[in-house]
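**Q** coords please:
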Amino acid sequence: MAYQILLELGFSHCAAMGAALLMLIENALITQSRLMLLESVLIFFNLLAVLSYLKFSNSQKHRPFSLSWWFWLMLTGVACSCAVGVKYMGIFTYLLVLAVASVHAWHLIGDQTLSNVCVLCHLLARAAALLVIPTLMYLLFFYVHLILVYRSGPHDQIMSSAFQASLEGGLARITQGQPLEVAYGSQVTLKNVFGKPVPCWLHSHQSTYPMIYENGRGSSHQQQVTCYPFKDVNNWWIVKDPGRHQLVVNNPPRPVRHGDVVQLVHGMTTRFLNTHDVAAPLSPHSQEVSCYVDYNISMPSQNLWRLDIVNRESDTEVWKTILSEVRLVHVNTSAVLKLSGAHLPDWGFQQLEVVGEKLSRGYHESMVWNVEEHRYGKSQEQKERELELHSPAQMDVSRNLSFMARFLELQPLRLSKDDVRLATRLQPLAFLQWRMLTAKSDDSEHKYSSSPLDWVTLDTSIAYWLHPRTSAQIHLLGNIVIWASASLAMVVYVLLFFWYLLRRRRSICDIPEETKCCRCIPTLLEASSGKCKDQAGIAVTPGYSWLRWVLAGALCAGGWAVNYLPFFMMEKTLFLYHYLPALTFQILLLPVVLQHVSDHLCRSQLLRSLFSALVVAWYSCACHVFNTLRPLTYGDKSLSPSELKALRWKDSWDILIRKH
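**A** Numbering: from 1, shown residues only. Modelled structure (predicted):
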């Protein structure tokens, strides 16, 4: 495809062959593709999208609305959707293609040789192929996925309770037929919606907070309340009406609604959930959450919680099992029940800390909870109630999640309510995709993580595999000659482009017209009106050469920029392989710059011959580096410690050397 792309851009077969050969001897690309990692598939669809669009644009000039014209246009949209479907970073190349297509469409609108109807048909065809088809294709990927993968699996807990309940087996087997509406007297388990660092449930046990913490601060010495990442009988709570003594559901049940004040009684210890003006053990700026006072003991209410249904549709919304996302606001202190995410010490059994957070400090999903398991309490006696808590609930009420709800949850980052509100005011798709791409990983540090600045200079590597007995190993290492040359070509192109642009403003065209180049596609950057003068002072008309030069830069240099620069704004853990899609566009630019230097800057045949000899020598060096790093690329040869040390060209390269 690299060969075809340069041909479609109007460059020589020699330049196109050079681009293809450079791709073939780039060690990092070979490693990534041999291990069948996603970047190689992403690069394939990125290049296919660019190639398809170039072929479509070239057929636009001679055969608009022909069968081949439609084929390449539709294939462009399909390739873009596949690129985004492989990895969300594919959206960068998709946006690049959309930008180029938008500029072409803008010039198409100004073409006076086309009728209004013809222009409208062109625009509708492009909108359908480049916007509608990629969206439908992307949705189709997930639709097929959800049809084929409908059973519960070992990693379901990372999804919401509603998503888990929609799968066959697992949580669905436990929650199938649960009562939909939470009523006073209901027995519930409360799962934190945020689910980080791990999914967990509101939990309590008979152990109390230590009198004095290790840092010298004191506690209430009351019963601990934590968030526990496993199913447990101590996760059960009873929703109690503050004005009534009983812990059973009336007949008919009296549902709990948004804004109602409730008490939460721990099912196994019958202690009230409470927060008070005592510093939390690990989050001293927040309040401690505890359980205290048997519900049979009469005293002034200090354990009232107001129910705030976050995803309500009205102010009289009923609290629903699984579906409702709620905040519990402490009436006396206005603190919100929140998962801090910190792991308690041994006295807290390494469970997660739960705190009371003041409302004024903002909204976060760690403050939101949903009922996962639910049953109507029937027994008032504690021993009978304990037996009831140990037994599963079975009532016949089904609950299904729509495809779009499951689709949105499968995206890497679920938007909070404030995010959704912001997205509706901005561009929703772009906003959603950017939040997905920049989501911070749980593990912010990794042995082989790196920064974008390390990629350009190849100051990092990744050890993928080590033979259990020999020193054979596979590393993600690039061909340093190609990486350095590609970066240099990028700098040279940018400098030459702005130099030529400035001189064209003075009506001096350094790049003469080449009418024989008829493969070039319509303009990205219209030349200034009127005549230009070449370096001999002869008036010439801006021709295809300049347009070819601009378009090659827009696709190759632009492809590098959109696939590289966004990583500087990402908080996620980054690795060297994230640079490979950008690198492929840089490699495409390298033969473009070499041909330009040969054709336009080497003025004599002698200079061209010398330059050609230098290019051959340079390519021989690239082949030599490829062959030298070959054992680390293919892992098919065991090297001695001295040979491995000789391959460690940079101290930052983590080449593994056995000591025995």
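**Q** in three-state terms, label residue 93 for me.
**A** helix (DSSP: H, G, I helix; E, B strand; the rest coil).
**Q** contacting residues around it?
**A** 46, 49, 50, 80, 83, 559, 562, 563, 581 (C-beta atoms under 8 Å, 6 or more residues apart in numbering). No exception for glycine: its C-beta is placed from N, CA and C like everyone else's.
**Q** what's the pLDDT at it?
**A** If you check residue 93, the pLDDT there is 94.
**Q** try residue 532
**A** 46.
**Q** before we move on, back to that, show me which of the contacts of residue 93 is closest to residue 569.
**A** When the contacts of residue 93 are ranked by distance to residue 569 (C-beta to C-beta), residue 562 comes first, at 12.4 Å.
**Q** look up how far residue 555 lies from that closest one.
**A** 10 Å (C-beta to C-beta, to the nearest Å).
**Q** again with residue 257
**A** Distance from residue 257 to residue 555, by C-beta to C-beta: 58 Å.
**Q** which of those two has more residues huddled nearby?
**A** residue 555 (25 against 17; other C-beta atoms under 10 Å).
**Q** I figured the more buried one hits residue 103, correct?
**A** No. When contacts are counted by C-beta atoms under 8 Å, residue 555 is not listed as touching residue 103 (11.7 Å).
**Q** and stretch 461-478, what's buried?
**A** For stretch 461-478, the neighbour count (16 or more other C-beta atoms under 10 Å) marks 461, 462, 463, 464, 471, 472, 473, 474, 475, 476, 477, 478 as buried.
**Q** state the pair within the residues you listed that is farthest apart.
**A** The widest separation within those (C-beta to C-beta) is 21.3 Å, between 471 and 478.
**Q** mind listing the helices for the stretch 351-500 of the chain?
**A** 382-390, 403-410, 417-425, 428-437, 452-456, 480-505 (DSSP state H, counting those that start in this stretch).
**Q** show the pLDDT at residue 343.
**A** In this model, residue 343 carries a pLDDT of 89.
**Q** need phi/psi at it.
**A** As for residue 343, its main-chain torsions (degrees, to the nearest 10) stand at phi -90, psi 130.
**Q** burial of it, as a residue count?
**A** Neighbourhood size, residue 343 [other C-beta under 10 Å]: 15.
**Q** who touches both of residue 562 and residue 555?
**A** Common contacts of residue 562 and residue 555 (C-beta under 8 Å, 6+ apart): residue 96.
**Q** OK, contacts around the spatially closest residue to residue 312 that is not a sequence neighbour?
**A** The spatially closest residue to residue 312, leaving aside those adjacent along the chain, is residue 258, at 5.2 Å (C-beta to C-beta, 6 or more residues apart in numbering). Shown in contact with residue 258 (C-beta under 8 Å, 6+ apart): 307, 308, 309, 312, 314, 315, 316, 317, 319.
**Q** could you export those residues as a markdown table, including pLDDT?
**A** Output for these, formatted as a markdown table (pLDDT from 0 to 100):
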| residue | pLDDT |
| --- | --- |
| 307 | 91 |
| 308 | 90 |
| 309 | 89 |
| 312 | 84 |
| 314 | 83 |
| 315 | 81 |
| 316 | 82 |
| 317 | 86 |
| 319 | 88 |
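**Q** out of the residues you listed, who has the most neighbours?
**A** Result: residue 319 is most packed of those (other C-beta under 10 Å), 26 neighbours.
**Q** ok, now how distant is that residue from residue 186?
**A** Noted for residue 319: a distance of 9 Å to residue 186, by C-beta to C-beta.
**Q** shared neighbours, these two?
**A** Contact criterion C-beta under 8 Å, 6+ apart; residues shared by residue 319 and residue 186: residue 256.
**Q** nearest to residue 588 among the contacts of residue 258?
**A** residue 312 (52.6 Å).
**Q** tell me the SS of the closest one?
**A** coil.
**Q** mind checking how far the residue lying closest to residue 357 once chain neighbours are set aside is from residue 4?
**A** Nearest residue to residue 357 in three dimensions, chain neighbours excluded: residue 338, at 4.2 Å (C-beta to C-beta, 6+ apart). Distance, residue 338 to residue 4, using C-beta to C-beta: 56 Å.
**Q** more neighbours: those two, which one.
**A** Neighbour count, other C-beta under 10 Å: between residue 338 and residue 4, residue 338 has more, with 30 against 17.
**Q** contacts for the strand or helix carrying the more buried one?
**A** Per DSSP states H and E: residue 338 is located in strand 335-343. Residues outside strand 335-343 that contact it (C-beta under 8 Å, 6+ apart): 192, 194, 196-197, 200, 202, 227, 273, 275, 280, 282-283, 286-287, 289, 305, 327-330, 350-359, 364, 366-367, 369.
**Q** just how off-centre is it within its chain?
**A** 26 Å (C-alpha atoms, centre = their mean, to the nearest Å).
**Q** and it, what's buried?
**A** In strand 335-343, counting by 16+ other C-beta under 10 Å, buried: 335, 336, 337, 338, 339, 340, 341.
**Q** need the per-residue pLDDT for the fourth one.
**A** The predicted structure scores residue 338 at 90 on the pLDDT scale.
**Q** what of the first one?
**A** At residue 335 the predicted local distance difference test score is 90.
**Q** ok, it to residue 224 distance?
**A** 17 Å.
**Q** with the fourth one instead?
**A** Residue 338 sits 16 Å away from residue 224 when distances are taken as C-beta to C-beta.
**Q** now the buried residues of stretch 461-478 in a markdown table, with distance to residue 238 and pLDDT?
**A** Output for the buried residues of stretch 461-478, formatted as a markdown table (distance: C-beta to C-beta, whole Å; pLDDT from 0 to 100):
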| residue | distance to residue 238 | pLDDT |
| --- | --- | --- |
| 461 | 57 | 89 |
| 462 | 52 | 90 |
| 463 | 53 | 89 |
| 464 | 53 | 90 |
| 471 | 63 | 87 |
| 472 | 61 | 89 |
| 473 | 58 | 91 |
| 474 | 57 | 92 |
| 475 | 58 | 91 |
| 476 | 55 | 92 |
| 477 | 60 | 92 |
| 478 | 61 | 91 |
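**Q** quick one: which of those residues is nearest to residue 574?
**A** residue 462 (11.5 Å).
**Q** my guess is that closest one contacts residue 577. True?
**A** Yes. Applying C-beta under 8 Å as the test, residue 462 and residue 577 come out as touching, 7.0 Å apart.
**Q** burial of residue 651, as a residue count?
**A** So residue 651, with other C-beta under 10 Å, has 7 neighbours.
**Q** ugh, typo on my part, it should be residue 18
**A** Residue 18 has 23 neighbours, counted by other C-beta under 10 Å.
**Q** name the SS class of the closest residue to it other than its chain neighbours, please.
**A** The spatially closest residue to residue 18, leaving aside those adjacent along the chain, is residue 591, at 4.2 Å (C-beta to C-beta, 6+ apart). What three-state DSSP gives for residue 591 is helix.
**Q** need the contact list for residue 591.
**A** With C-beta under 8 Å, 6+ apart, residue 591 has these contacts: 6, 11, 15, 16, 18, 19, 22.
**Q** flag the least confident of these.
**A** residue 11 (88).
**Q** re earlier: shared neighbours of residue 462 and residue 577, anything?
**A** Joint contacts of residue 462 and residue 577 (C-beta under 8 Å, 6+ apart) are residue 476.
**Q** CSV please, covering the buried residues of strand 335-343 and showing distance to residue 57.
**A** Below are these laid out as CSV (distance: C-beta to C-beta, whole Å):
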residue, distance to residue 57
335, 61
336, 56
337, 58
338, 54
339, 53
340, 55
341, 51
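**Q** from the contacts of residue 258, which land in helices?
**A** Members of those lying in helices (criterion: DSSP state H): none.
**Q** narrow the residues you listed to those in strands?
**A** The strands, defined by DSSP state E, take in 307, 308, 309 from those.
**Q** what is the nearest of those residues to residue 649?
**A** residue 308 (59.5 Å).
**Q** no more questions from me, cheers.
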